[in-house]
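In: One predicted model, sequence on top.
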Amino acid sequence: MDQRHLSFRLLQVFRQVVQSGSITGASRLLHLTQPTVSLQLKKLSEVIGEPLFYYQQHKLQLTAAGELLYQTAQDIDERLTELSQQLKQQRTGNSGTISLAVVNTAQYLLPQILAAFDHAYPAVQVTLHIGNRARILERFEQQQDHLYLFSHPPRGDNVHARSVVPNPLYIVAPREHWAAKADSLRFEQLTHERFLLREPGSATRMTFDAWLSSQATELHHSMQMETNEAIRLSVIAGLGLAVLSAHTLPPATLLRQQLAVLKVAGFPLSSHWYLVQHANKRLPQAALKLQHFIEQHLSDWQDPLQQ
């Protein structure tokens, strides 16, 4: 069989002849002349290399090769119908694959949102990449993902960033720390305490460093850690104080059992989360639906420490 000369049109004519039971019936349904249909069948038989029909008592019958070809033609038609439905779903955003990359702190925001999105759009597959800011910036520059979540978005003409939710930063301390008992504090009273900090370049660290610079003050003792979870557990253990996003803190009831949020003048520091896309990266409909879904759900977020 020479597949190079096999076409969908030939298969369509063949399938119609089989289903109508005659060349005359097929030509009428296809709006073709009978000689044209006969010629198409002859050409198809030459491509297959086998006769496809024979006559038995003046009735058109399929040969063994014709039976196999008809089954194949039916399979192809079903797959094309399935493809058409899948393409329609992709165009409407009801199916597809999305890549989402977020900085470490943002992972605390997303589980419930992604679970709700999965429930609403079960045919959409979301791949989540989590890393430090430097790693996610690298992915952004290489346009590896459809959407990104940053607290400090990258800059440049190729950046489309939308503020989606506040990201207040609080100073937390061990429950029994002396500062936990104070109704109000000035930051100068804490400068000799050990602060547990994220790595340089992280959004929380950048915001805190900028604030320290604006206040013309500096820390005397600090310890660097790579994750918010390590910092939070270390504060609970009494290793030091920390500046953490409200999104990384446990619910208010559990928070009071583990940590103390200090009442320091100038805090919480104001920050926001930004949903970012690369200007050169076209978003498929499914990614646009996820973008809207994230924006809609995060807009309802309320800082539990301000309620």
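Out: Cool, the structure landed.
In: Pull the contacting residues for the nearest residue to Leu169 once chain neighbours are set aside.
Out: Closest residue to Leu169 apart from its sequence neighbours, by Cβ to Cβ, 6 or more residues apart in numbering: Leu269 at 4.1 Å. Every C-beta, even on glycine, is put in place using the N, C-alpha and C of the backbone. By Cβ atoms under 8 Å, 6 or more residues apart in numbering, the contact list for Leu269 reads 168-169, 207-208, 211, 243.
In: let's see 10 Å
Out: 167-171, 204, 207-208, 210-211, 243, 245 (Cβ atoms under 10 Å, 6 or more residues apart in numbering).
In: any idea how far Ile23 is from it?
Out: 81 Å (Cβ to Cβ, to the nearest Å).
In: for Val164, same thing?
Out: 64 Å.
In: now the strands for the chain?
Out: Using DSSP state E, the strands of the chain run over 53-56, 59-62, 96-103, 124-131, 147-150, 159-166, 169-174, 194-197, 221-224, 241-245, 259-261, 272-278.
In: The fifth one pairs with which strands, and in what direction?
Out: Counting by DSSP bridges, the strands paired with strand 147-150 are strand 96-103 (parallel), strand 272-278 (antiparallel).
In: For those, could you give me JSON lines that also reports mean pLDDT?
Out: Shown next, in JSON lines, are the strands paired with strand 147-150 (pLDDT from 0 to 100):
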{"stretch": "strand 96-103", "mean pLDDT": "90"}
{"stretch": "strand 272-278", "mean pLDDT": "94"}
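In: what are the ranges of the helices in the stretch 151-300 of the chain?
Out: 203-214, 228-236, 252-258, 285-298 (DSSP state H, counting those that start in this stretch).
In: Show me the one of the ones you listed that comes nearest Ser7.
Out: helix 285-298 (31.4 Å; Cβ to Cβ).
In: For the protein, identify the residue most remote from the centre.
Out: For the chain, the C-alpha farthest from the mean C-alpha position belongs to Gln57; by Cα atoms, centre = their mean, that distance is 62.3 Å.
In: What are the phi and psi values at that one?
Out: Phi and psi for Gln57, reported as degrees, to the nearest 10, are phi 50, psi 50.
In: what does Asn167 give?
Out: phi -130, psi 70.
In: Which pLDDT value goes with it?
Out: pLDDT for Asn167: 92.
In: of all the helices of the stretch 151-300 of the chain, which lies closest to Leu137?
Out: helix 203-214 (10.9 Å).
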